[in-house]
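what's the 3D shape of this:
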Amino acid sequence: MGYASTLAAIKVGPFRYNSPWAQVAIVGFVCFCSPGLFNALSGLGAGGTVSFGLNAIANSVLYAMFSLTGELAVLGPRLTLCLGTVGYSVYVGSLWAFQVHPNAAPFWVVAGGILGVCAALLWTAAGQIMMSYPTEKDKGRSFSLFWSVFSMGGVIGGVIALGVQLASGGTHKNASTSVYIVFLVLMLTAIFTAWLVLPPNYVVRKDGTLVDLEESIPVGVEIREFVKLFKDWRMLALFPMFFASNFFYAYQGSVVGFMFNARTRALSSFITNLGAVVGANFVGFLLDYLPFGRRKRTVVGWVLTLVLLCVVWGGGGLSFQQKYQNLFVRDKENPPTMAWDWTDHESRTALALMFGYYFTDSVFQGLAYYIMATLTNDPFKLARMTGYYKGVQSAGAAVSFAMEAVYTPYRTELLVSWLLMVVSLPLALVVIIKTPDTNVDKEQVVHVEDLNADQLHHAALPKGHHEKDIVDEEKVVEANLDK
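Predicted coordinates for the structure are as follows:
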């Protein structure tokens, strides 16, 4: 049995390394150790500092660079993910440097720009794998798996931050420097984990279909195809939804730093990311398991998202903001903080609200990814769509952090964030009702058993390998099979 035929022979089994589920889980873990932990720091408010203005400037630069470089992920998923993880370590290093040396503020801003470029690479590759590797019937749960593992980075990060804060007394305003050291070490592991990811032409689904026979597409072709997305009416209709999908992070991160003391900010980081995990599982299983066609399931997800936005942001967030409006006063020259502790009655309502925000965020993001996944199964098209999505999304985040940098009143930030999401949904519904229940009938689906020897050989042969390499690999495989 040769190397290529072995690829066909191992097409079933829940723990198979070249299965979509294994690959999505690996990508989720890469994001667990990079943006997941980054979210834990963001959940501390102002990156764990009390420099809200500088944090807003650094994040505005971050998302501006993210927006401009989302289309650069044309290097293949493995290399793209590896390069994408590097920026997170640099950024946490800048926060650590700022805590020790306040004159390191320029490094923080520059690190934000570096992270923006790297995050664009990471998220484009992650979106491609999450949406294209699974079968159509599994795409909702694929989002759940990826988003849950990724968000658990924020949950575990919140626990780590809380433990460190409590060990150091937990009464000061800033996060302890030990928090940054622990996070930096964990983030560095993602650089190596990224190399466990397989390219599309190596992945075989449970039904025996290959994700794609091609490993990559020429850079010039990728760029031309990416530009075409700006002429696609579906992408234009989804533009407002994509723009709004991260707009609220500036408001939420700033409010957390404004309301809570250090140990309660760490608890908030844990609670908010737990909300993201619960929301991701809820929406993913809902979109896959409702007993009717894919288009109707997506419409149900749309209705649920609209209801959650009105209940959590309108009924919860706006009413909470109004109740304590006299406390939410922003002073650029002398920024006040309320420094609620978790023992304070007010903080309990605020923590519950933050859980609701991130639960709703997961549902909103899950719907956006699912809509894109209904448009095609092609991994290269989905990579371009993810690049478009993250670019537009990051443009919105850059604008929101620019608003935060000039100390826009919190109530204004809340209203703009909420209304952008609500107003974007009708255009998204237009796209939803035009999507088919399946793309299998119009896109080529390749089964392993239908390929001839040359095609299988091409699917299994990585770039840079030669016939001698394959012969050696065949001997190893046959020896293992004989055992």
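
Quick check: Pro20 vs Leu198, distance?
According to C-beta to C-beta, to the nearest Å, Pro20 stands 10 Å off from Leu198. For every residue, glycine as well, the C-beta is placed using N, CA and C.

after the lengthiest helix in the chain comes which helix or strand?
Under DSSP state H, the helix in the chain containing the largest number of residues is helix 345-375. Once helix 345-375 ends, the next helix or strand along the chain (criterion: DSSP states H and E) is helix 379-405.

Off-centre distance for that following helix?
11 Å (C-alpha atoms, centre = their mean, to the nearest Å).

what do you get for stretch 255-267?
Distance, stretch centre to chain centre, for stretch 255-267: 23 Å (C-alpha atoms, centre = their mean).

Make 50 the first number, not 1, from now on.
Sure, I'll start counting at 50 from here, so that last one is stretch 304-316.

who's more crowded, Pro69 and Leu247?
Using other C-beta atoms under 10 Å as the criterion, Pro69 and Leu247 rank with Pro69 on top: 23 against 20.

Next, work out how far apart the more buried one and Thr134 are.
Distance, Pro69 to Thr134, using C-beta to C-beta: 21 Å.

Next: Lys372.
Distance of Lys372 to Thr134, given as C-beta to C-beta: 41 Å.

cool, and Gly365?
For Gly365, the distance to Thr134 (C-beta to C-beta) stands at 35 Å.

More neighbours: those two, which one.
Between Gly365 and Thr134, counted using other C-beta under 10 Å, the more crowded position is Thr134 (25 against 17).

what's the burial count for the closest residue to the more buried one other than its chain neighbours?
Distance criterion C-beta to C-beta, 6 or more residues apart in numbering; nearest residue to Thr134, sequence neighbours excluded, is Ala239 at 4.1 Å. When neighbours are counted by other C-beta under 10 Å, Ala239 registers 26.

Now Ala239: phi and psi?
Phi and psi for Ala239, reported as degrees, to the nearest 10, are phi -60, psi -30.

any chance you could map the strands in this protein?
258-259, 495-496 (DSSP state E).

If you average pLDDT over each of those strands, which is lowest?
With a mean of 48, strand 495-496 has the lowest mean pLDDT of the strands of the chain.

tally of neighbours for Gly165?
Applying the criterion other C-beta under 10 Å, we find 27 residues in the vicinity of Gly165.

Could I get the contacting residues of it?
For Gly165, the contact set (C-beta atoms under 8 Å, 6 or more residues apart in numbering) comprises 110-118, 136, 443.

repeat that for 10 Å
Contact analysis of Gly165 by C-beta atoms under 10 Å, 6 or more residues apart in numbering lists 107-119, 136, 140, 443, 446-447.

Based on its surroundings, how many neighbours for Ala293?
25.

just Thr242 next, same as before
If you count neighbours by other C-beta under 10 Å, Thr242 ends up with 18.

per-residue confidence for the spatially closest residue to it that is not a sequence neighbour?
Spatial nearest neighbour of Thr242, chain neighbours left out: Val79 (5.2 Å); criterion: C-beta to C-beta, 6+ apart. Val79 is assigned 91 on the pLDDT scale.

before we move on, what about Val489?
On the pLDDT scale, Val489 is placed at 67.

What of Val234?
For Val234, the model assigns a pLDDT of 86.

likewise Ala71?
On the pLDDT scale, Ala71 gets 87.

ok, it touching Tyr251?
No. Counting by C-beta atoms under 10 Å, Tyr251 is not a contact partner of Ala71; they are 11.2 Å apart.

how about the closest residue in space to Asp337 that isn't next to it in sequence, what does it touch?
Once flanking residues are discounted, Asp337 sits nearest to Gly189: 3.7 Å by C-beta to C-beta, 6+ apart. Going by C-beta under 10 Å, 6+ apart, Gly189 touches 183, 332-339, 343, 346-347, 350, 415-416, 418-419, 422.

List buried residues within the residues you listed.
183, 332-333, 335-337, 339, 343, 346-347, 350, 415-416, 418-419, 422 (16 or more other C-beta atoms under 10 Å).

Report the central residue of the chain.
Trp172 (6.2 Å; C-alpha atoms, centre = their mean).

Distance of Gly142 relative to Gly203?
From Gly142 to Gly203 the distance is 19 Å (C-beta to C-beta).

again but with Leu164, I slipped
For Leu164, the distance to Gly203 - C-beta to C-beta - is 16 Å.

Same question for Gly350.
For Gly350, the distance to Gly203 equals 23 Å [C-beta to C-beta].

before we move on, what about Met434?
25 Å.

Over to Ala286?
31 Å.

which of these two has more neighbours?
Between Ala286 and Gly203, Gly203 has the larger neighbour count (other C-beta under 10 Å), namely 29 against 19.

In terms of pLDDT, where does that one sit?
You'll see Gly203 listed with a pLDDT of 78.

where does this structure have low pLDDT?
Judged by pLDDT under 70, the chain has its weakly predicted residues at 50-64, 92-104, 119-125, 151, 153, 213-214, 216-225, 260-271, 375-386, 488-532.

My read is that the residue nearest to the centre of the chain contacts Tyr418, right?
No. In this structure, Trp172 is not within contact of Tyr418 by C-beta under 10 Å, at 11.0 Å.

For these two, list the residues in contact with both.
Counting by C-beta under 10 Å, 6+ apart, the residues touching both Trp172 and Tyr418 are 435, 438.

how deep is the nearest residue to Ile75 once chain neighbours are set aside tucked in, by neighbour count?
Closest residue in space to Ile75, ignoring its immediate chain neighbours: Leu245 at 5.1 Å, by C-beta to C-beta, 6+ apart. Close neighbours of Leu245, defined as other C-beta under 10 Å, add up to 15.
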